[in-house]
Each structure stands twice: as structure tokens, then as C-alpha cells.
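Colleague: how would this look folded up:
(chains A, B and C)
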Amino acid sequence: MTIPNLVGAGLIVIGAGIGLGKIGGSAMEGIARQPEATGKIQTAMIIIAALLEGLAFGALFLGQ
Amino acid sequence: MKIVLNSIRFFVIIATALFATTVYAGGGNKNDKDGGQVSSAEEVKEYILHHVKDSHDFTLWSYTNDEGERKHVGFPLPIILWTSNGLVTFMSSEFHHNDDGHVVVEKKGLRFAKIHSKIYELEPGASEIKFDESHHATNAHKVLDFSITKSVFGIFLVGILMFIWFRGLARQYKKKKIPTGFARILEPLVLYVRDEIARPNIGEKHYRRFTGYLLTVFFFIWILNLLGLTPLGFNVTGQIAVTAALAVFTLIIYLFSGNKSFWGHILWMPGVPVLIRPILAVIELAGTLLIKPFSLLVRLFANISAGHIVVMSLIGIMITMKASMGAVGSTLLAFVLSFFITLIEVLVAFLQAFIFTMLSALFIGMAVEEHDHH
Amino acid sequence: METLLNDFSPGLFAMQTVLLLGLIFLLVKFAWKPILNSLNDREEGIKNALESAENAKKEMQNLKANNEQLLKEARAERDALLKEAREIKESIISDAKEEAKEVAQTLIENAQASIQQEKQAALSELKHQVAELSIGIAETVIKKELSIKEDQLELVQGLLEDVTLK
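Modeller: Okay, here's the model as predicted:
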């Protein structure tokens, strides 16, 4: 692995981390506001997180 | 109870087969990379990378006996190759655990060597593999390898296990309304997949057709993920070929069950200016045909592989930190860290199976959804 | 990407495809279909049982209402019967009274009539006797004292008057 590769991987992880943080944070807020919708929010959160994860992994592997 | 007994019997048979073949000598070559004792950071890394890959024999553990010979406990698996000379089969024990191409096996007038868990066919006339500077074989090429590798063995194992379990559950319903014993654990799981994954994502009208596939995939991935956490050392869902096959199944299912409005929305998106439609069609096609299955296959592969690497690296602390922390300290640290990460991995094992099934259901749901408002 | 492609084993891919296809086929045929069918049947059964319980409850209520209706009707009928009986009793009593009155009336009338008759008979008898008596008297008077005409007449007159007065 060369240095640009590693830097790119770091950037991807930073971006994915911010994204996951936002998803998780918003989901928590939503659950706090409407505890009765917990199940639905969790499912939606997992789906979005999974899509983001796929994107991040795709980028990581493409850069490798 | 019957299901549990059957499963236990199955495992006993497997274990008997395992120990009946058992101990067989390694190459005797002390320079063998995978056979030797692991004692440095570099070797730990090598060992982990070797583990994450598929392997052609089932090794449980290795040890060095009094004469300084490496012994491997496990059993060989059959190798099935499609070569330039047709089908060739032999047992993996003929490679004597060598993984860097030094042992050459001759069958049907062809010579084979194994390098990093891949089997190469030597060019005619060559008797030994030659490598270039970047360690690529120069006088050999890969062959199509349909061997019963450790992963294929694991797939068989899980397939038989699933068949025993769910056939047992299905049989119980003939006699009683509510299953008893182990099947009682399986029933809510089946209901969970049907009611939480298939029904809400595909829709009340079509979900029945796809529930069988989703149930199979869910339990297949979950059980294999959990099997990967046992010391048996399976890494089936961390093989990109396996996850790719799963993703291709989902792709084919949603492509072939897609209705008119699904294809309409991909190829000629309604409600946007005509000039933009071809551009959108290209994007949508790429998304449907490439990105969706690619994200499915890469996610599962990467999560499981990463899990295995992390757990094994934390166990490796035992060796790499021995010098600075002492044997007891490093073992304790390695145990605590790997224990907690293994707990997380148990969760991940379920989560990845759930996400794969969930997204498959979602994609299928998008394909069969009916748009009445256009 | 290179490492990914390098790791990808077409043989394993093919094996996995074939095995998964077989597994899906076997499980759908021998496990999922019977399991899902019996789960569906069970759910339908529960639903039906609940529905029939609801129906039974409704029927019970209907029955109860019916019973009450019947009871009410029976009570009304009983009341009507009692009322009728009372009326019949009263009418019988009043009829009896009427009849008794009539009978008494006729009896009285009969009695009066017979009294009248008796009286008449007695009167005529009396008259007859008076006439006979007067004739007798007259005979005796005639026989004894036909000498004084005026006296005689006076006597006769006086006698007759007496007789008629009585």
C-alpha cells in the first residue's frame, strides 16, 4: 500500500464516520421524540447505514 | 428433541471422520511458511492472511513433535480441477501442506503446484515453478478449481444442518400445532424473517413468492457467520466468491421479477424532462445492475473478513506483546480484548445476515412494487 | 480492486451457486412450503377461532335478548289471561245477578199474578157467596116480612151496600 492509498483510505473512513454519526444521531433524536416509532426508525437507520457502508467499502476496495 | 439428537449425531459423524483421518505429517520442510510456529509480528500477519483465504485441507491445529517434525491434525479434502487435459482429481494431502509451490503433484501427465491457496498448472515441460521478482509464477497458470475446499465443506455442512433443522420443524407441524424442543427456537426466527423482513419490504401481495429465498439466504449467512466465530476456522462468508454468488442470486431474482413500471422507471423515467431521461437511464441501469449487487457482496465480505482479521489480530497480541508485557500480561490483554470483540462479532454475524436479507427484500420490493398513481 | 479480483475464485463461485441453488430448491420444497403453509393455517385457525368466539358471544346476546322478549311476551300473555279471566268472572257474576234478578222478578210477578188471581177468585167467590147470601136473606126477608115494602127495600139496600163495601 502506498502513502496516497493510505491517505485516501483515511479520508474515506473519516467521511463514512461522519455519515454514520449523523445517521445514528438523527435516529436517536427521532427515537427520543417518538419512542413508539423506534422499530421503524431503527430499520430505516440500518438500511441507510448499510447503503453508506457499501459505498465506503466500495471506495476502499477500489482504492486498494 | 429429535432435531437436536439428529444434529448431534451429524456432528459426531463429522468428528469421527475428522479424527479417523487425523494426524498426517507435513512436508518435513522447516521453512514451510504456514506450517511453522508463529512467533513474530510478521508471521502473525502471514498467518492471519492465510486463514482469511480459502484452504484446500481441513486443519484443526498443528504441532511439532519430539523429532522436530511438523504434524497437522485435520483431514485432507478432495481436489477437483478442470485442466487443459480435462477433469483431474486427487486428495489435498498430496501437497503435504505446502503453500508456496515447492511441492509439485503429477497427475494425468500434468504438474500442479499450490501457491497461496491457489492451484497452478505448470506449463508442459516445466518441472518446477519459477517466480519473478514480485513473486508471480512465470511458467504456470491458474486452473478452474472446483475442489471441495474448506469453504465448500462448510457450505455442505450448513446445508445439511439447515435441512435437518427445518425439515424437522416442518415435520412437527404434521403432528402438533406448536413445535417443541429445538424447533421452538426456529419457529420465531422463521416468523421474524417473514414478518419483519419479507412482508414489510416486498408488500402483502407478492411477499409469499420470495419468502423461501429470503429465509434460505438469511439462515445460510447467519449460521455460516456464527460458524466462522468457532475455532473450526471457517471463513465462508468472508470469501468474495461466496458473497458474489449470493448477490448474483438476488440480482437475478429482482431482474426477473421486475414489472413494467420498474423497468419504466429505470429506462424512461416519467416526470422529468425528456433530455435528462437517457442520462438518468444510464445512472439507474448502473445502479440496478452493478452498484446494488456490488454493495451487497462487498459489505458482507468486508464485514466478515474484517471481523476475522480483528479477532485474530487481538489474539496475536499474545505473541507480539510477549516481549514487552510478559507471557501472563499479554495473554490476559489478548483474552480480554478478543473476548469483547468476539461478543461484538456475534452481533455482527446476525446484523450482516439481517442486512443482506433486508436489502435483498428491499430491492425485490422495489422491483415488484406497483405504482398506481402514474 | 486488484486484490479483490485476485481473491475471487471462479471455482468456489460455481460451487456456491450450484450448492445454494440446490439448497434453496430442497428447503423450499421440503421445509419452507410446509412450514409457511402450516403457520398460515395456524394463523387462520386462530383468526377463525376468534371470529367464532365473537359470533358465539353475539349469538349469546341475541339469545338472551330473545329470552327476555319471550319472557316479556309470556308475562303479557299471563296478564292478558288474568285480565280476561277476571272479566269473565265479573261477567259471569253480573249475568248470574241479572238472571237471579229476572228469576226473582218473574217469581214475584208470578206470585203477584197468582195473588191477583186468588184475590179475584176469592172476590168472585165472595160475590157469589154474597149473592147467595143476599138471595138467602132476600128469601128469608121475602118469606118473613114482605109486608112493608119500604122497609124491605131499605133493608135490601142496606145489605147490598154493606156487601159491596166489603
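
Colleague: quick one: contacts for residue B:126?
Modeller: B:111, B:139, B:140 (CB atoms under 8 Å, 6 or more residues apart in numbering or on different chains). For every residue, glycine as well, the C-beta is placed using N, CA and C.

Colleague: burial check on the last one, number of neighbours?
Modeller: Using other CB atoms under 10 Å in any protein chain shown, the number of residues around residue B:140 comes to 23.

Colleague: list phi and psi for the closest residue to it other than its chain neighbours.
Modeller: What sits nearest to residue B:140 in space, not counting adjacent residues and going by CB to CB, 6 or more residues apart in numbering or on different chains, is residue B:120, at 3.8 Å. Dihedral pair for residue B:120: phi -110, psi 150, per degrees, to the nearest 10.

Colleague: quickly list what residue B:120 is bridged to.
Modeller: Note on residue B:120: beta-bridge partners residue B:113, residue B:142, judged by DSSP bridges.

Colleague: which SSE is residue B:39 in?
Modeller: Assigned by DSSP states H and E, residue B:39 belongs to neither a helix nor a strand.

Colleague: so what's the closest residue to chain B within chain A up against?
Modeller: Of all residues in chain A, residue A:54 sits closest to chain B, at 2.8 Å by CB to the nearest CB. Residues near residue A:54 by CB under 8 Å, 6+ apart: B:291, B:294, B:295, B:296, B:298, B:299.

Colleague: tell me if the last one really is in a helix.
Modeller: When you say that, I think you mean residue B:299. Yes. Applying DSSP: H, G, I helix; E, B strand; the rest coil, one finds residue B:299 inside a helix.

Colleague: how much space separates it from chain A?
Modeller: 5 Å (CB to the nearest CB, to the nearest Å).

Colleague: so that residue touches residue A:52, yeah?
Modeller: No. Under the criterion of CB atoms under 8 Å, residue B:299 makes no contact with residue A:52, lying 10.2 Å away.

Colleague: which of these two has more neighbours?
Modeller: Neighbour count, other CB under 10 Å: between residue B:299 and residue A:52, residue B:299 has more, with 24 against 17.

Colleague: number of nearby residues for residue A:56?
Modeller: Residue A:56 has 22 neighbours, counted by other CB under 10 Å.

Colleague: and the gap between it and chain C?
Modeller: Distance from residue A:56 to chain C, counting by CB to the nearest CB: 15 Å.

Colleague: just to be sure, that residue is in a helix?
Modeller: Yes. Counting by three-state DSSP, residue A:56 is located in a helix.

Colleague: okay, it: pLDDT?
Modeller: Looking at residue A:56, its pLDDT stands at 86.

Colleague: once you drop chain neighbours, what's closest to it?
Modeller: residue A:16 (3.8 Å).

Colleague: mind listing what's buried along the one helix or strand that neighbour maps to?
Modeller: Here residue A:16 sits within helix A:3-33, counting by DSSP H and E. Buried residues in helix A:3-33, counted by 16 or more other CB atoms under 10 Å in any protein chain shown: A:8, A:9, A:12, A:16, A:19, A:20, A:23, A:27, A:30, A:31.

Colleague: please apply the same query to stretch C:72-83.
Modeller: So stretch C:72-83, judged by 16+ other CB under 10 Å, has zero buried residues.

Colleague: gap between it and the chain center?
Modeller: 7 Å (CA atoms, centre = their mean, to the nearest Å).

Colleague: can you tell me what sits against that stretch?
Modeller: Contacts for stretch C:72-83 (CB under 8 Å, 6+ apart): none.

Colleague: tabulate the CA atom coordinates of that stretch in PDB.
Modeller: Output in PDB follows, covering the C-alpha atoms of stretch C:72-83 (Å, rounded to 0.1, in the frame of the first residue of the first chain):
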ATOM      1  CA  LYS C  72     -92.000 -10.400  28.300                       C
ATOM      2  CA  GLU C  73     -94.500 -11.900  25.900                       C
ATOM      3  CA  ALA C  74     -95.300 -14.700  28.400                       C
ATOM      4  CA  ARG C  75     -95.800 -12.200  31.100                       C
ATOM      5  CA  ALA C  76     -98.000 -10.100  28.900                       C
ATOM      6  CA  GLU C  77    -100.000 -13.200  27.900                       C
ATOM      7  CA  ARG C  78    -100.300 -14.100  31.500                       C
ATOM      8  CA  ASP C  79    -101.600 -10.700  32.300                       C
ATOM      9  CA  ALA C  80    -104.000 -10.800  29.400                       C
ATOM     10  CA  LEU C  81    -105.200 -14.200  30.500                       C
ATOM     11  CA  LEU C  82    -105.700 -13.000  34.100                       C
ATOM     12  CA  LYS C  83    -107.500  -9.900  32.900                       C
END
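
Colleague: report the rounded mean pLDDT for it.
Modeller: On average, stretch C:72-83 scores 94.

Colleague: ok, now stretch B:342-351?
Modeller: Rounded mean pLDDT across stretch B:342-351 is 92.

Colleague: point to the residue nearest the middle of chain C.
Modeller: For chain C, residue C:81 is the residue whose C-alpha lies nearest the centre (CA atoms, centre = their mean; 3.1 Å).

Colleague: ditto for chain A
Modeller: Nearest to the centroid of the C-alpha atoms of chain A, with distances taken as CA atoms, centre = their mean, sits residue A:20, at 3.1 Å.
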